[in-house]
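In: Any chance you can model this:
(one chain, ligands or ions: 1)
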Amino acid sequence: MTALLEIRAVSRRFGGLVAVDDVSTSVAEGELVGLIGPNGAGKTTLFNLICGFTPLSSGEVRFAGTRIDGLPPWRIARAGIGRTFQNLRVFPNMTVFDNVSIGAIGVLGTSAPAALFGGRARARAVSERAWAALEAVGLADQAGALAANLSYGQRKYLEIARALAMHPRLLILDEPAAGLNDNETRSLADFIRRLHAEGTTVMLVEHDMTLVMSICQRVVVLASGRKIADAPPAAVKSDAAVLEAYLGTEA
Ligand SMILES: Nc1ncnc2c1ncn2[C@@H]1O[C@H](COP(=O)(O)OP(=O)(O)OP(=O)(O)O)[C@@H](O)[C@H]1O
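Out: Numbering: from 1, shown residues only. Just a heads-up that it's a prediction; the model follows:
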């Protein structure tokens, strides 16, 4: 299977601290991969390295065969990596529709249709993508509402919709279940499964072990910046190094 995302011997140091230490892994087109690890394991740092929010200290990141490390986040987004954030980045005083349109505008800015047909075609493309993304997350009937009026759970879906409006080849979800109750988490699991079944490649960083183990095809485990496991959920659950890393910590 050809890798869509390749992470090769990636490290990131903050002063004397090695937050991500020589990590290699990959995500194939169509995969649903989880990234877990105890607090401070380096999960968010690794995501930020992939998305260009943090520079690498060493190693390389390739997407669809091309090196993307060193590129600014907007170039990486345009290359086809859409992400959500652990701390929601929703604009409360904008409508739901406008919040989602931003995702499409970001990637369609200098696209071929924009260059060829000008502003109107671009506006139509943005609008079509925004509506489709809102339909996909079940928020189309809230399109005109201010984002501030959505519930916390709905705002999480709004952020996913914004990433989907980019038509990403890889969707990276950073702790989507954080702050959701059990019912909401089950709905989220169904939603991510559906997205994946429809062909979206997903990488998921998540503390909720049940969610990760129930939906992911493969799970990468970090501890103190190092990769300690990279296997299907059943194998990870019984892996001695993983059990030791989680022993005495909240899984
Ligand atoms: N900008 C930064 N400057 C200094 N240290 C940092 C920075 N970002 C992260 N770290 C440190 O790097 C280590 C890994 O942090 P990171 O947030 O990536 O872990 P995590 O696995 O995402 O943790 P959590 O599950 O708690 O979100 C931690 O020790 C953290 O304090």
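
In: C-alpha only now, for contacts and for neighbours.
Out: Fine.

In: quick one, what contacts the most centrally placed residue in the chain?
Out: Against the mean C-alpha coordinate of the chain, by Cα atoms, centre = their mean, the closest residue is residue 172 at 1.3 Å. If you count contacts by Cα atoms under 8 Å, 6 or more residues apart in numbering, residue 172 has them with 47, 81, 82, 83, 84, 202, 203, 204, 205.

In: which element is it on?
Out: In this assignment (DSSP states H and E), residue 172 forms part of strand 170-174.

In: Just checking: what are the partner strands of that strand?
Out: Strand 170-174 pairs in its sheet with strand 81-83 (parallel), strand 201-205 (parallel), by DSSP bridges.

In: What are the contacting residues of the first one?
Out: Contact partners of strand 81-83, identified using Cα under 8 Å, 6+ apart, comprise 51, 160, 163-164, 166-174.

In: Verify the contact between residue 46 and residue 22 for me.
Out: No - counting by Cα atoms under 8 Å, residue 46 does not reach residue 22; the two are 10.8 Å apart.

In: so the residue nearest to the centre of the chain bridges to which residues?
Out: Counting by DSSP bridges, residue 172 is bridged to residue 83, residue 203.

In: sorry, back to before: and the contacts of residue 172 as JSON lines, adding distance to residue 29?
Out: Formatted as JSON lines, the contacts of residue 172 follow (distance: Cα to Cα, whole Å):
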{"residue": "47", "distance to residue 29": "18"}
{"residue": "81", "distance to residue 29": "12"}
{"residue": "82", "distance to residue 29": "14"}
{"residue": "83", "distance to residue 29": "16"}
{"residue": "84", "distance to residue 29": "19"}
{"residue": "202", "distance to residue 29": "9"}
{"residue": "203", "distance to residue 29": "11"}
{"residue": "204", "distance to residue 29": "14"}
{"residue": "205", "distance to residue 29": "18"}
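
In: Most neighbours among the residues you listed, please name it.
Out: When neighbours are counted by other Cα atoms under 10 Å, residue 202 leads the contacts of residue 172 with 28 neighbours.

In: so what's it up against?
Out: With contacts defined as Cα under 8 Å, 6+ apart, the neighbours of residue 202 are 30, 31, 32, 33, 170, 171, 172, 173, 196.

In: roughly how far apart are it and the ligand?
Out: Distance check for residue 202 against the ligand: by Cα to the nearest ligand atom, to the nearest Å, it reads 17 Å.
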